[in-house]
Every structure is written in C-alpha cells, then in structure tokens.
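Novice: got a sequence here, can you build the structure:
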Amino acid sequence: MERTSVGFMKKSLFALMGAAALMGCGREVVRGANDPSIDARALSTGLDKDDVQRALAETLNHLRSAPVMNEWRLMHPSPNVAIFPFQNNTSEHIDSMLDALLGEAETWLVDTGAVQVISRDRQTEMIREIEGQRHAVFNPANAAKYGKQLGAKYFLTGKVSGNDERSDDMRRVQYMLFLQVIEVETSAIKWQKKTYITKAVK
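Specialist: Here you go, the predicted model:
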C-alpha cells in the first residue's frame with residue numbers, strides 16, 4: 001500500500017512538472033491595450049476592427065457635413081432614424097463584423113444629438129411581423145414598409161461588395177463599403193458614400 005502511494009505521488013509530481021514545462025513553452029497571451037500593434041496586424045482577408053473603424057471614420061465624417069445632416073440639426077423635434085442591416089455581397093464570412101459596423105454607426109448617430117435613433121431590437125420585432133417569419137430576415141424591398149411601421153422618417157443602410165482575385169503567389173480581396181440615407185416617405189436617396197478597403201495574402 002505504501003509503495004503504491006509513493007508511486008502515485010511520483011506520477012503526480014512528474015505530471016505537474018510536465019504541465020509546468022508545457023506552460024513555460026506555450027505562446028504568450030498579450031492584451032491589445034498593452035501592445036497596439038496587435039490590432040494593426042492583418043491576420044486574414046476578412047474585415048477586422050481596424051478596417052471597420054477606418055472605413056466608418058471616412059464615411060461618417062462625410063455624412064457629418066452632408067446637407068441631410070444640416071436638415072436634421074434644424075428639425076424640431078429631431079427626426080427618427082432607423083439603422084437597417086447591411087447586406088453582405090462578398091464571398092467572405094464577415095457578418096459578425098457587419099453587426100459591429102451597425103453598432104458603431106448607431107453609436108455615432110446617437111452621439112451627434114441630431115436625431116432620435118430607433119432601437120434595433122424594436123426593428124427586429126417589426127421585420128419579423130412584416131415578413132411573417134419566426135426569425136426576422138431583412139428584405140431590402142420592404143425597407144419603406146419597415147420605416148413607416150417604426151415611425152422612422154429616415155433610415156441608414158448599406159452593403160459591402162467584394163472583388164476576390166488570386167494569382168500564383170497572392171490573393172487580394174477588394175471591399176467596397178456603401179452607405180446611404182433614404183427618406184422613408186419618398187424613397188429619395190438623401191445621402192450616399194462609398195469607401196474602399198483592400199486586404200491581401202502574399
């Protein structure tokens with residue numbers, strides 16, 4: 001019994017030493033806050049946080065000085081604006097980044113103080129109701145209907161298109177981020193802007 005106990009203790013000690021050795025040889029985990037270069041480095045041809053922030057900064061800064069924004073600033077009460085889902089017309093799996101893009105655009109609009117932004121949760125319920133589906137699927141053809149039901153005077157929407165090219169030693173994906181503001185009542189395009197993002201593996 002005593003030998004068995006000693007043998008067990010030796011095995012446990014070796015196991016602990018092995019685990020410690022593995023941990024010592026493992027890769028270091030680093031926070032982006034401590035090493036900003038982590039976020040700057042591209043790891044794939046998909047969109048990442050840096051791409052979204054750069055594209056939105058260019059696009060929304062253009063909206064900041066657009067005539068429609070000046071109209072919004074003069075309206076009393078402030079107009080209701082809904083942000084509808086962005087379409088992914090690329091071959092890349094970037095839906096999670098499009099959600100992040102929606103959130104960034106929503107926060108930007110709220111921060112301007114020029115409009116009342118309609119909750120995206122409410123939009124989801126309304127889309128589900130209009131489309132008659134258990135799981136809400138945005139249909140661009142019904143955007144004006146959604147806006148009227150939500151009491152929105154304008155909606156901000158967009159899409160991302162991509163051109164994927166390959167050679168023997170390189171793959172390049174060129175994205176086009178396209179945003180526009182639509183007036184619900186007239187379906188008139190009050191503002192639009194596109195910006196480009198290029199990613200490559202070489």
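Novice: V137 and T195, how far apart?
Specialist: Separation of V137 from T195 (CB to CB, to the nearest Å): 27 Å. Every residue, glycine included, has its C-beta placed from N, CA and C.
Novice: between the two, which has more neighbouring residues?
Specialist: T195 (17 against 10; other CB atoms under 10 Å).
Novice: please identify the helix or strand for the more buried one.
Specialist: Taking DSSP states H and E as the definition, one finds T195 inside strand 189-201.
Novice: may I have that strand as CSV, with CA atoms only?
Specialist: The C-alpha trace of strand 189-201 is given here as CSV (Å, rounded to 0.1, in the frame of the first residue of the first chain):
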residue,chain,number,x,y,z
ILE,A,189,-31.7,59.0,-51.5
LYS,A,190,-30.7,61.9,-49.3
TRP,A,191,-27.0,60.9,-48.9
GLN,A,192,-24.7,58.2,-50.0
LYS,A,193,-21.0,57.5,-49.8
LYS,A,194,-18.7,54.6,-50.6
THR,A,195,-15.2,53.8,-49.4
TYR,A,196,-12.7,51.0,-50.2
ILE,A,197,-10.8,48.5,-48.2
THR,A,198,-8.1,46.2,-49.7
LYS,A,199,-6.8,43.1,-48.0
ALA,A,200,-4.2,40.6,-49.4
VAL,A,201,-2.3,37.5,-48.6
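Novice: can you give the contact residues for it?
Specialist: Contacts with strand 189-201, where a contact means CB atoms under 8 Å, 6 or more residues apart in numbering, come from 42, 44-47, 51, 54-55, 58-59, 62-63, 66-69, 71, 154, 170-183.
Novice: let's see it at 7 Å
Specialist: Strand 189-201 is contacted by residues 42, 45, 47, 51, 55, 58-59, 62-63, 66, 68, 154, 170-183 when judged by CB atoms under 7 Å, 6 or more residues apart in numbering.
Novice: next step: those residues restricted to helices.
Specialist: Here DSSP state H is the test, and the contacts of strand 189-201 give D51, A55, E58, T59, H62, L63, V68 as lying in helices.
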